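# the following block contains a protein sequence and its predicted model.
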Amino acid sequence: MILPHINEIATICAAHGISRAVISPGSRSAAISLAFENHPQIDVQVVADERSAAFMALGIAQQLKKPVAVICTSGSAGLNYAPAVAEAFYQEIPLLVITADRPPEWIDQYDGQTIRQTNLYGAHAKASFSLPVDLSHSDARWHANRLVNEAILCTLKYPMGPAHLNVPIREPFYPQANEKFEYPKARIIQRPTSHSYLLPEQWSALLTQWNDAEKRMVIIGQHEPDMKLTKALKALAEKGNVVIVNEVTANQHMVSGSLQKQDLFLQSDQLPEAPELLITLGNSLISKNLKQFLRKNPPRMHWHVRKGERLNDGLQHLSHTFDLSPDYFIEQLAKQESSKSEGSFYLSWRQKEVHTQQRSKAFIERCGFGELKATAVCLESLPHNSLLHLANSMAIRYANFIGLPHHVEIYCNRGTSGIDGSNATAVGTSLTTSKMVTLLTGDMAFLYDRNAFWHDQKLANLRIIVMNNAGGGIFGMIKGPRNQKSYEKLFQTHQPLTAALTAQEFGFEYTACTNQSELTSGLSTFFDSSSTAKVLEIFSDPLENERLLAEYKSYCLGL
């Protein structure tokens, strides 16, 4: 039979602007899946693997900037959502996680696909809601409606993130042959967006501190592409004697004069002066060197600007936190800032940036073939106005060392920084845009998430570059693992697999290369139009990669 209160979930979702749902097949969730599939305003993708499905939903929501529903059956299915839920929580991406459940009386009774699903994601969901199982009373129906509204609103309140809606369902839950899906009007609870701002007297106090500081720095961590912020930062850079530091995930590499080589030159014994006033924007920072430098050399004042009430004190010296939009804050600061000449603090940081930039370019031009050289060539080949998804471990670090040559939007799962879900997130991204989407990944991350392609979606605008060093190289960068007797056994995951059979299985175009000439040839047509995704696999020697990277760092530092 059709369950009206389940249909109402889809109605409320659509009214709140949820137009996409990613569903994994299951029996207990059948009523929910059918309600969303038959709703005229909701587009449904079906992905069998729940872990990949959740990361795909994350990629879609990341681009749409609004909630996406992800739906599964009861039991261990929902547990497979956990990595993506945690990533969405820390990356602040709105996901509505809907899990079907057995009725409460069957929990802990060893019935099939029955686990404890209340608060399944713990502290990594912004909130968890369980619908009543018995809706015969009008108060129970009112309660269910309120909870669905609340769950959706929860995903949208800053900081945005995932909310869990657990739906216990009794049998029968399959519709009869003559039943029709109807979606009566449901009560929708709205929460209008509020815009935060500072009062004139507050700005006056902040500007006094700003003007009193001679050594000023703005650091942008992971941040979605934002042209308003770019414009504001450009205005501040033109007027103020301020050092602006970008990481590759900041999506602000088009701000002229900003620093991008700090992860390299902060490894030197001759460090620049620390700022007196530090302003941080965005979320996580990639560079451990940058974080350690600022922790050991605390600024007199540290302002962190972000929407939402979450307090981020990762540099351990926070003095002010502002629940404000970063573009508003920087724009207002630039308007009220009087032009100043470039001081010694700015010039010292800028000198190190230019020196490191020149040496980095010179080394990469002459160095032998390996992951460093291949990454630089691939980044240079990316189409303008395209999207790049970076997998974690070495892909993101190489990109942060090298930087980007032109306008490309950058995404990476740096909420939890895991390798799981990189493929699926990039797939979700490709399903939301007509632009070219490139995934730069390693063999471990690629092979770990092959089920991301196990569905019937067309991925003609997806390009996948796999750096295959037969087991990953991230631990070769870290002294701790590298110096252990069991380094090879415990930290180097030697594996003989390639991406060739995966590409063949899913009908992707595949090219392999082992040297500079083959890479240049492979890239010459890699971004041309195609009816399917393309995979370019680059093979290299892991020991040679480690040697080249160590030599690169030393050369950039002038050692």
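Here it is on my side, so go on. Fair warning: this is a prediction, and the values are worked out from it, not measured in the lab.

# isn't S422 right next to L388, touching?
No: applying Cβ atoms under 8 Å as the test, S422 and L388 come out as separate, 12.0 Å apart. (Glycine included, C-beta is placed from N, CA and C.)

# show me which of those two is the more surrounded one.
Higher neighbour count among S422 and L388: S422, with 31 against 26, using other Cβ atoms under 10 Å.

# any idea which residue sits dead centre in this structure?
N413 (3.5 Å; Cα atoms, centre = their mean).

# so what's that one up against?
N413 makes contact with 55, 58, 87, 91, 391-392, 421-422, 425, according to Cβ atoms under 8 Å, 6 or more residues apart in numbering.

# that one and V535, how far apart?
20 Å (Cβ to Cβ, to the nearest Å).

# same question for D313.
42 Å.

# higher neighbour count, these two?
Neighbours of D313 and V535, each counted by other Cβ under 10 Å, are more numerous for V535; the result is 25 against 11.

# wait, the more buried one touches T511, no?
Yes: V535 is within contact range of T511, at 7.3 Å (criterion: Cβ under 8 Å).

# which non-adjacent residue is nearest I6?
Once flanking residues are discounted, I6 sits nearest to A31: 4.6 Å by Cβ to Cβ, 6 or more residues apart in numbering.

# about what we covered before: give me the pLDDT value at the residue nearest to the centre of the chain.
At N413, the predicted lDDT confidence score is 97.

# just Q492 next, same as before
62.

# swap in A237?
pLDDT recorded at A237 is 92.

# quick one: contacts for it?
244, 255-258.

# A strand includes it, no?
No: checked against DSSP: H, G, I helix; E, B strand; the rest coil, A237 lies outside a strand; its state is helix.

# how close does it sit to K307?
Applying Cβ to Cβ to A237 and K307 gives a distance of 23 Å.

# which intervals of the stretch 251-400 of the chain have sub-threshold pLDDT?
By pLDDT under 70, the stretch 251-400 of the chain contains no weakly predicted segment.

# quick one: end-to-end distance for stretch 248-261.
End-to-end span of stretch 248-261 (Cα to Cα, to the nearest Å): 10 Å.

# which positions within it qualify as buried?
Neighbour-count burial for stretch 248-261 flags 248-255, 258-261 (criterion: 16 or more other Cβ atoms under 10 Å).

# what's the weakest-modelled helix or strand in this protein?
Lowest by mean pLDDT, DSSP states H and E among the helices and strands of the chain is helix 479-482, with a mean of 63.

# buried stuff in the helix or strand just after that helix?
Next helix or strand after helix 479-482 toward the C-terminus (DSSP states H and E): helix 500-506. Buried residues in helix 500-506, counted by 16+ other Cβ under 10 Å: 502-503, 506.

# how close does the residue of the chain positioned farthest from its centre sit to I2?
Distance from the C-alpha centroid of the chain, by Cα atoms, centre = their mean, peaks at N178 (44.6 Å). Using Cβ to Cβ, N178 is found at 11 Å from I2.

# and if you look at E214?
Using Cβ to Cβ, E214 is found at 69 Å from I2.

# same check, this time on S348
70 Å.

# could you point out the longest helix of this protein?
helix 344-366 (DSSP state H).

# and that helix, what other elements does it pack with?
Using 3 or more Cβ pairs under 8 Å, 6 or more residues apart in numbering; DSSP states H and E, the elements in contact with helix 344-366 are strand 243-246, helix 262-265, helix 371-381, helix 394-402, helix 542-556.

# same list, those, but as JSON lines with distance to N297 and mean neighbour count please.
As requested, the helices and strands packed on helix 344-366 are exported to JSON lines (distance: least, Cβ to Cβ, whole Å; neighbours: other Cβ atoms under 10 Å):
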{"stretch": "strand 243-246", "distance to N297": "14", "mean neighbour count": "25"}
{"stretch": "helix 262-265", "distance to N297": "13", "mean neighbour count": "24"}
{"stretch": "helix 371-381", "distance to N297": "29", "mean neighbour count": "21"}
{"stretch": "helix 394-402", "distance to N297": "21", "mean neighbour count": "24"}
{"stretch": "helix 542-556", "distance to N297": "21", "mean neighbour count": "17"}
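
# what would the ones you listed look like in JSON lines with distance to F453?
Compiled in JSON lines, the helices and strands packed on helix 344-366 are given as follows (distance: least, Cβ to Cβ, whole Å):
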{"stretch": "strand 243-246", "distance to F453": "33"}
{"stretch": "helix 262-265", "distance to F453": "32"}
{"stretch": "helix 371-381", "distance to F453": "21"}
{"stretch": "helix 394-402", "distance to F453": "18"}
{"stretch": "helix 542-556", "distance to F453": "26"}
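
# for E276, find the nearest of those.
strand 243-246 (11.4 Å; Cβ to Cβ).

# chain center to the closest one: distance?
21 Å (Cα atoms, centre = their mean, to the nearest Å).

# could you do stretch 181-194 as well?
For stretch 181-194, the distance to the chain centre is 29 Å (Cα atoms, centre = their mean).

# then stretch 333-342?
33 Å.

# before we move on, back to that, in strands, which of the contacts of A237 appear?
Judged by DSSP state E, these include I244 as members of strands.

# looking at the contacts of A237, spot the one nearest H494.
So of the contacts of A237, ranked by how close each gets to H494 (Cβ to Cβ), first place is S258, at 39.9 Å.

# spit out the contact partners of that closest one.
With Cβ under 8 Å, 6+ apart, S258 has these contacts: 233, 237, 244-246, 252.

# identify, from these, the entry nearest to M444.
Among the contacts of S258, N246 lies closest to M444 (Cβ to Cβ), at 27.7 Å.

# if I look at the closest one, how far off is P162?
28 Å.

# equivalent analysis for G122, please.
From G122 to P162 the distance is 12 Å (Cβ to Cβ).

# and K234, what is it in contact with?
By Cβ under 8 Å, 6+ apart, the neighbours of K234 are 255-256.

# can I get the CA coordinates of the strand or helix carrying it in CSV?
Assessed by DSSP H and E, K234 sits inside helix 227-239. Provided in CSV are the C-alpha atoms of helix 227-239 (Å, rounded to 0.1, in the frame of the first residue of the first chain):
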residue,chain,number,x,y,z
MET,A,227,33.9,36.0,-7.3
LYS,A,228,32.7,38.5,-4.8
LEU,A,229,35.5,37.4,-2.4
THR,A,230,38.0,37.5,-5.3
LYS,A,231,37.0,41.1,-6.1
ALA,A,232,37.2,42.2,-2.5
LEU,A,233,40.6,40.6,-2.0
LYS,A,234,41.9,42.3,-5.1
ALA,A,235,40.7,45.6,-3.8
LEU,A,236,42.4,45.1,-0.5
ALA,A,237,45.6,43.9,-2.1
GLU,A,238,45.7,47.1,-4.2
LYS,A,239,45.2,49.4,-1.3
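
# can you give me the buried ones in it?
Buried residues in helix 227-239, defined by neighbour count with 16+ other Cβ under 10 Å: 229-230, 232-237, 239.

# now, among the residues you listed, which is nearest to K335?
Nearest member of the buried residues of helix 227-239 to K335, counting by Cβ to Cβ, is A235, at 7.8 Å.
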